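Novice: let's see this in three dimensions:
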Amino acid sequence: MAIAIAVIVLALGSVLFFFLSPWKLTPLASNWGTIDDTIHVTIWVTGAVFVAVNLFLAFAIIRYRYHKQRRSHYDPENKRLEAWLAGLTTIGIAALLAPGLLVWGAFVSVPENAHEVEVVGQQWHWSYRFPGEDGRFGAVQTRLIGPDNPFGLVGDAAGQDDVLIQSPRLVLPVDRPVKMVLRSKDVLHNFQVANFRAKMDMVPGQVTYFWLTPTETGEFEVSCAELCGIAHFAMRGRVDVVEPAAFDDWLAEQPTHAELAAREPGDPEAGEAHFASCAACHGSEGQGNPDQNAPRLAGLEPWYLERQLELFRAGARGTHEDDTFGQQMRPFATQLPDRQAIADLAAYLQTLPGGPVEASLSGDAKRGARLYRTCGSCHGAEGQGIRATNAPRLAGMHDWYLARQLRHFREGIRGRHPQDLYGHQMVDMAQVLVDDRAVDDVVAHINTLAGSGEE
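Specialist: Down below sits the predicted model:
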């Protein structure tokens, strides 16, 4: 009897929890209210079956409980019962599938007036491409993808005016249909914006798509809804839905493939003049200065240095009240007038030897090696840095600086600014370091990696 009561309480409690729960669907911000309708149909059908099965189970426990004066009767076949079960199951499955099939048909039937945007997924990053004025995407080939050609464009005429967005932030106009063309560089991903009620798998070697019409302005989170690797949970982006005029202005500011190809590389000679103000803290060879709390710069990749200097200039770094040394750095970064000056400075820093660094922190490198397995997925097994995952070099950098930045990420002092999208990933990843001891241990392991202390 106690088991029967427990089953009844479980069934009724689950129903009450569903109706009284504070957790609801995110606010709808697209035309796909029919997705909500299919979800509700699924909930009602499965909920009714759940309650019916559990109440029948409780009835069977009570009705057919053990009694020493009663013997069980074996009935190997009951055609009437089987017919009822088959009929009810058929109705339930049809009620689940039929609405979904209708919605799916509409989901992949793109209106003729829809504009297009391509979404490219990779571990663990989103990037986007818009067709240019000709309205056509340029051809791409996976084998051409590389650091200097992240989209794999073949360079045909149609691709010269393609607008390339290498940031995880996408901007879309409100009340305008858009076809989302999806492809993956590496493994299976899934592009999902919960508020849009829209998602689709991204299969390597294939192109998939769906369409939607954003109906509400605002900022909405992009997530990967397919387990794609160790940092899957940190593969996030943002969609900003704005008024059409604001979208047109934003799109006009983004570089085309031809413009990116025509950009001048950084000039080390010009960068040397910009470095004069940096040398006072970071050293004449970019070797860093612990007394000034200035980390080593020599040895860091130009693309990473450029990104961090842009973040300092934009106020996405160095503005948190607890980031004292970041606040000191920001005024120097704002002295760089434009992107070319930043590229020049980064190119000059690449020419500096930097010199070896000495370990200053004590930690358990063996324990740190286990913790570093998560870090190594992005930064490389030897801490060499991997551009494809937007992860900088760690080996050979000052351990006291690495430890401070890991603590800042863990505490949200660094990486929480809306414009620092890769910083958001690091905030999530740094949570695996549960205390200061864990931080010191993983940095102690980084001190042992190939490249540490080398010129």
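Novice: K185: what's it in contact with?
Specialist: K185 makes contact with 120-122, 142, 145, 152, 204 under the criterion CB atoms under 8 Å, 6 or more residues apart in numbering. The C-beta positions use only the backbone N, C-alpha and C, and glycine is treated the same way.
Novice: helices - which of those land there?
Specialist: Among the contacts of K185, no member falls in helices (DSSP state H).
Novice: got a markdown table for those, with distance to R296, pLDDT and neighbour count too?
Specialist: A markdown table is the format used below for those (distance: CB to CB, whole Å; pLDDT from 0 to 100; neighbours: other CB atoms under 10 Å):
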| residue | distance to R296 | pLDDT | neighbour count |
| --- | --- | --- | --- |
| V120 | 33 | 94 | 25 |
| G121 | 33 | 93 | 27 |
| Q122 | 29 | 91 | 21 |
| T142 | 36 | 86 | 12 |
| I145 | 31 | 88 | 18 |
| G152 | 34 | 88 | 17 |
| P204 | 38 | 91 | 13 |
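Novice: out of those residues, flag the one nearest to T448.
Specialist: Q122 (29.4 Å; CB to CB).
Novice: can you name the residues bridging to that closest one?
Specialist: Beta-bridge pairing for Q122 (DSSP bridges): H125.
Novice: that one and K185, how far apart?
Specialist: 4 Å (CB to CB, to the nearest Å).
Novice: what does C281 give?
Specialist: C281 is 38 Å from K185, by CB to CB.
Novice: then I91?
Specialist: For I91, the distance to K185 - CB to CB - is 44 Å.
Novice: and what of W23?
Specialist: Using CB to CB, W23 is found at 34 Å from K185.
Novice: shouldn't S223 be within a strand?
Specialist: Yes - according to DSSP: H, G, I helix; E, B strand; the rest coil, S223 belongs to a strand.
Novice: what's the neighbour count on it?
Specialist: The local packing of S223 (other CB atoms under 10 Å) involves 18 other residues.
Novice: any idea what it is bridged to?
Specialist: Applying DSSP bridges, one finds that S223 bridges with Q192, R236.
Novice: show the pLDDT at it.
Specialist: If you check S223, the pLDDT there is 92.
Novice: surely H417 and G326 touch.
Specialist: No - counting by CB atoms under 8 Å, H417 stays clear of G326, with 10.9 Å between them.
Novice: list residues touching both of those two?
Specialist: Residues touching both H417 and G326 by CB under 8 Å, 6+ apart: 317, 319-320.
Novice: who wins on neighbours among these?
Specialist: For those, the largest number of neighbours (other CB under 10 Å) sits with R317, at 25 neighbours.
Novice: gap between it and P337?
Specialist: 18 Å.
Novice: closest one of the contacts of K185 to Y372?
Specialist: Distances from Y372 to those, taken as CB to CB, are shortest for Q122 (22.2 Å).
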